[in-house]
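Enquirer: pasting a predicted model and its sequence here:
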Amino acid sequence: MNAWYLICFLSAIAIFIAFANQYILKMQTTIAITTGSVVISLLLILAVKLQGDSTALEITQVVSSINFNQLLLKGMLGFLLFAGALEINLAALKMQRWEITALVLFSTLASTFIIGYLSFYAFELLGWSVPFIYCLLFGALISPTDPIAVLAIIKQMRAPEGISVQVEGESLFNDGIGLVIFTTIFAVAFYGTEATVVDVGELFLVDAIGGIAFGLVIALVGHFLIINSRDVNIRLLLTLTIPTAGFAAANIWEISGALAMVTSGILLGNITRSKATERTGPEDTRYVKDFWHATDSFLNALLFLIIGMLIVTMPISLAEIGLGLLMVPMVLFARFISVGAPFIFFKKFRHYDKHTVKILTWGGLRGGLALAMAAAIPRDEVFIGQSDLHNLIVIITYVVVIFSIIVQGLTISPLIESSISANKEK
């Protein structure tokens, strides 16, 4: 069995879990798929270690051969972000622009340093001598909320529009600043590079601003071609060139493909869709919208099944799982402080739902992007005691991600329902 066949079978399993979930568990689809994949992974591990099953061993080896970093960051991410951005309401986004800007810039940076310091002292207390720069690196990769996890779960919860736009907007845009922070700390940690203000500023301008500018260009070209196309199938194919060729070009030119997809998706999903509806009618527009909705659902299902199955590729120890569980409250505390601080200021000028900070804290989910960044840490270069730093960070990140998707994803609904009930009473 090769990696392609495995992905085909995993796709079928993900769809089957989603189908069965409708009638049995009735959980949010992403949570059900992630939970199911963790169970499948544990069964595979037991089959290999207890029974020595050759088929299970072969599947485990094939899963281990998948380059998750490349699969997500260089492939699926473009489709998922573009599809998610198509559904963002531009008018609502403008109304929340200052809140989203604060969450993207201030909250991500503040959370990085809070987690860095807390994890450094926690490691020291437990006898793990982890240099501060690597703790800061962990803070950088775990602080940005994951747009894929957030969009997949929050959308189905029907949160109040203001909070929903804040959570979705932050998750879509904080990749740029998150990547700049991670890349800068990564260069200092592994290449001895000095992180000067000029270097960081240049990296941010090239990566983030360059990605947004490229997204605008893609959107302008796409808008012109789509509006002037007479065939609905051609219009659909034109949208497909953006997360394929457009995303690939951005990665080759080393600008933010993620921000390019978000920018182009928002503009095409609002301006182009409106103009296309006027020219061709709602049926053709709905055809393209339904395609991207189905594509988004399918890729999300596959991605979260793979995330859950990554456990079979890790040489996990109980001590490392314990460290991962210890990091969960630290990550949540850092999220609460970094999100709550800006809203103390914003509340002087605008009224917010009383559950806003709670929902933003508990709904700031982590997912595949954090794991992809953790996977980028070099193997066999730095050792903490007997543990490879790469494995240690990946396992801790995996525990935080699984907790985020399953536990936070399952329990955010009561917070949102409380907010909805309070708004109705008013």
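Expert: Perfect, thanks for sending it.

Enquirer: do you know how far residue 374 is from residue 166?
Expert: The gap separating residue 374 from residue 166 is 26 Å, by C-beta to C-beta, to the nearest Å. (Each C-beta comes from the backbone N, C-alpha and C, glycine too.)

Enquirer: buried sites along the longest helix along the chain?
Expert: Ranked by residue count and defined by DSSP state H, the top helix of the chain is helix 161-191. Neighbour-count burial for helix 161-191, counted by 16 or more other C-beta atoms under 10 Å, picks out 162-187, 189-190.

Enquirer: run a quick neighbour tally on residue 246.
Expert: 24 (other C-beta atoms under 10 Å).

Enquirer: cool, and residue 19?
Expert: 11.

Enquirer: what's the strand or helix carrying it in contact with?
Expert: If you go by DSSP states H and E, residue 19 is part of helix 3-23. Outside helix 3-23, the residues within contact range by C-beta atoms under 8 Å, 6 or more residues apart in numbering are 27, 29, 32-33, 36-37, 40, 59, 62-63, 65-66, 298, 301-302, 304-306, 309.

Enquirer: try 6 Å
Expert: Helix 3-23 is contacted by residues 27, 29, 32, 33, 36, 62, 65, 66, 301, 302, 305 when judged by C-beta atoms under 6 Å, 6 or more residues apart in numbering.

Enquirer: from what I see, residue 379 and residue 392 are in contact.
Expert: No. Between residue 379 and residue 392 there is no contact under C-beta atoms under 6 Å: 11.3 Å.

Enquirer: of those two, which one has the most company?
Expert: Using other C-beta under 10 Å as the criterion, residue 379 and residue 392 rank with residue 392 on top: 26 against 11.

Enquirer: so how far is residue 61 from that one?
Expert: On the measure of C-beta to C-beta, residue 392 and residue 61 end up 23 Å apart.

Enquirer: cool, residue 294 as well?
Expert: Look at residue 294 and residue 61: by C-beta to C-beta, they are 32 Å apart.

Enquirer: now residue 247
Expert: Noted for residue 247: a distance of 30 Å to residue 61, by C-beta to C-beta.

Enquirer: swap in residue 346?
Expert: Distance from residue 346 to residue 61, by C-beta to C-beta: 51 Å.

Enquirer: now swap in residue 272 and tell me
Expert: According to C-beta to C-beta, residue 272 and residue 61 sit 45 Å apart.

Enquirer: any low-confidence regions in the stretch 301-426 of the chain?
Expert: Scanning the stretch 301-426 of the chain for pLDDT under 70 picks out 419-426.

Enquirer: one more time with 50, if that's ok
Expert: The stretch 301-426 of the chain contains no residues with pLDDT under 50.

Enquirer: just to be sure, residue 378 is in a helix?
Expert: No. Looking at residue 378 with DSSP: H, G, I helix; E, B strand; the rest coil, it is coil, so not inside a helix.
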